[in-house]
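Undergrad: need a structure here:
(one chain, ligands or ions: 1)
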Amino acid sequence: MIWGEKYSEFREKVRAFALEKVAPSAVEIDETQRFPKEGLAPLAEAGYLAMVIPKEYGGAGNDMLEYTIAVEELSRVCGSTGITVAAHNSLGMSPILLFGTEEQKKKYLPRACAGELIAFGLSEPEAGSDAGGTKTRAVRNGSGWILNGAKCWITSATECFAAIVTAKTSDEEGSYGISSFILEKDMEGFTSGKKENKLGLRGSDTAFLHIADVRVSDSALLGETGNGFKQFMKILDSGRISIGAMAVGMAQGALDCALKFAAEHEEYGRKMASAQGIAFQLADMETEIEAARGLIYRAAVMKDRGMKYGPESAKAKLFASEVGTRCAFKAIGILGAEGLQVGKYPAERIWRDVKLCEIGEGTSEIQRIVIARDLLKSIGAFDALKIE
Ligand code: COS
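TA: Next comes the predicted model:
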């Protein structure tokens with residue numbers, strides 16, 4: 001691997017784990033929409049629920065490229081597991097590591113690294129792409145706060161022990177005046193809704209978080225008041241790399257499936273893969289996956305090197321997620337009628353699962369806005385032509 005021996009060995013280790021511990025239940029959790037709680041202990045033991053956290057807080061201390069490879073390989077066999085791991089690492093634990101006090105880090109991170117999930121509550125029914133449109137409010141109450149609102153589409157909402165949520169703490173316009181808080185599941189008034197009935201990633205736990213008169217002290221505040229929006233934007237810059245990694249993994253899973261099928265099945269008295277119409281599709285899938293992988297790894301390495309990487313993660317997620325849906329779609333086509341049978345081959349599940357990657361943590365349109373704004377900034381034309 002051009003990225004170095006260390007990463008090849010790491011990939012092999014994750015691949016072996018994914019095949020042994022994750023793949024066997026992938027079909028069943030999709031069919032039954034069951035969150036595989038029993039899978040958390042092996043994931044934690046292998047360090048995959050602690051990847052982005054330094055060892056001093058109980059983490060595995062992996063770099064971003066290792067984390068990216070792990071999300072990719074887990075998603076290659078099971079997208080639901082991929083998103084559970086990605087949401088916990090990138091969205092749940094990272095905000096505490098980046099913006100938390102020493103006390104908050106010591107309180108939450110070792111528990112989270114040991115396998116108890118942390119969720120991330122940004123989206124609301126009227127604030128998805130418009131992340132600054134948060135309606136959830138936190139009102140000063142003596143030396144503490146009272147929070148009211150609701151968050152939707154939250155990964156691990158019912159299983160988490162804590163969640164980072166955004167709330168308006170002042171009436172300032174738009175994204176200013178948003179702050180973030182760490183809420184614990186056993187706080188009075190903080191509950192999760194019914195698990196959503198989803199098209200894909202059905203083994204992941206997605207639900208509402210309801211916040212009704214939740215009282216917290218200042219110790220629940222993450223960073224300074226008014227900084228919530230910028231914190232979340234930074235978190236999403238990095239989270240988008242992991243969504244792209246999920247897409248690359250699932251695209252690879254679709255190719256694995258189509259390649260094997262085409263090499264084994266016969267039509268017109270010869271193996272399907274020997275027909276150019278099929279072989280060329282496999283070649284295109286492989287090429288697109290390598291290109292997407294390259295973009296995702298590049299963004300990960302830029303983050304590891306401390307470079308500015310926000311627009312690079314947007315480009316990588318945009319491209320990888322669209323490659324993911326294209327590859328899954330092509331794989332179903334290669335399998336023909338077999339590809340339409342639910343649960344028989346992975347292609348149809350991947351097709352349903354991978355669509356999330358074009359939507360979650362910023363739709364493809366949002367990524368295009370981030371990229372185009374960066375382009376305009378590069379020629380000094382951003383203020384005049386702010387794209388909305
Ligand atoms: N890192 C740090 N700061 C950032 C940032 C980033 N990536 N992006 C924006 N900011 C800052 C800006 O610099 C600006 O601060 P100043 O006014 O002090 O300069 C502030 O945040 C507001 O930025 P902006 O005006 O660009 O915000 P917009 O409301 O126009 O929103 C987009 C920008 C559309 C890019 C943003 O709302 C977005 O990413 N939306 C999608 C949210 C999303 O992914 N939701 C799904 C969540 S699933 S977990």
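Undergrad: what separates stretch 142-151 from the chain centre, distance-wise?
TA: 27 Å (Cα atoms, centre = their mean, to the nearest Å).
Undergrad: Correction: the previous question concerned stretch 347-365.
TA: Counting by Cα atoms, centre = their mean, stretch 347-365 comes out at 10 Å from the chain centroid.
Undergrad: Quick check: end-to-end length of stretch 353-363?
TA: 15 Å (Cα to Cα, to the nearest Å).
Undergrad: Run through who's touching it.
TA: Contact partners of stretch 353-363, identified using Cβ atoms under 8 Å, 6 or more residues apart in numbering, comprise 30, 79-80, 83, 91, 129, 153, 199-201, 236, 239-240, 243-244, 246-247, 250-251, 254, 314, 317, 320-322, 324-325, 328, 364, 370. In this view, the C-beta of every residue, glycine as well, is placed from N, C-alpha and C.
Undergrad: Buried residues, that stretch. List them.
TA: Neighbour counts using 16 or more other Cβ atoms under 10 Å place Asp353, Val354, Lys355, Leu356, Cys357, Glu358, Ile359, Gly360, Glu361, Gly362 of stretch 353-363 among the buried residues.
Undergrad: repeat for stretch 104-123
TA: Buried-residue list, stretch 104-123, by 16+ other Cβ under 10 Å: 104-105, 107-113, 115-123.
Undergrad: before we move on, what about stretch 365-375?
TA: Those would be Ile366, Gln367, Ile369, Val370, Ile371, Arg373, Asp374, for stretch 365-375 by 16+ other Cβ under 10 Å.
Undergrad: contacting residues around Ala263?
TA: Here Ala263 is in contact with Lys271, Met272, Ala273 (criterion: Cβ under 8 Å, 6+ apart).
Undergrad: And for Ala112?
TA: Leu49, Ala50, Ile53, His88, Gly92, Met93, Ile96, Ile118, Ala162.
Undergrad: repeat that for 10 Å
TA: When contacts are counted by Cβ atoms under 10 Å, 6 or more residues apart in numbering, Ala112 touches 44, 49-50, 53, 57-59, 88-89, 92-93, 96-97, 118, 160-162.
Undergrad: Please apply the same query to Tyr268.
TA: Ser274, Ala275.
Undergrad: Distance of the residue lying farthest from the centre of the chain relative to the ligand?
TA: When distances are taken from the C-alpha mean of the chain, Gly269 lies farthest, 43.6 Å away, according to Cα atoms, centre = their mean. Counting by Cβ to the nearest ligand atom, to the nearest Å, the separation of Gly269 from the ligand is 50 Å.
Undergrad: how about low-confidence regions in the stretch 1-150 of the chain?
TA: For the stretch 1-150 of the chain, applying pLDDT under 70 flags the ranges 1.
Undergrad: Using the record's assignment, carve the protein into domains.
TA: Under the assignment automatic domain parsing, the domains of the chain span 5-117, 119-226, 230-384.
Undergrad: rewinding a little: now the buried members of the contacts of stretch 353-363.
TA: Judged by 16+ other Cβ under 10 Å, buried ones among the contacts of stretch 353-363: 30, 79-80, 83, 91, 153, 200-201, 236, 239-240, 243-244, 246-247, 250-251, 254, 314, 317, 320-322, 324-325, 328, 364, 370.
Undergrad: Determine the three-state secondary structure at the residue in the stretch 101-250 of the chain that the ligand sits nearest to.
TA: Closest residue of the stretch 101-250 of the chain to the ligand, Cβ to the nearest ligand atom: Met233 (3.4 Å). Per DSSP: H, G, I helix; E, B strand; the rest coil, the local secondary structure of Met233 is helix.
Undergrad: Look at it and say how many residues are nearby.
TA: 15 (other Cβ atoms under 10 Å).
Undergrad: Kind regards, and thank you for your time.
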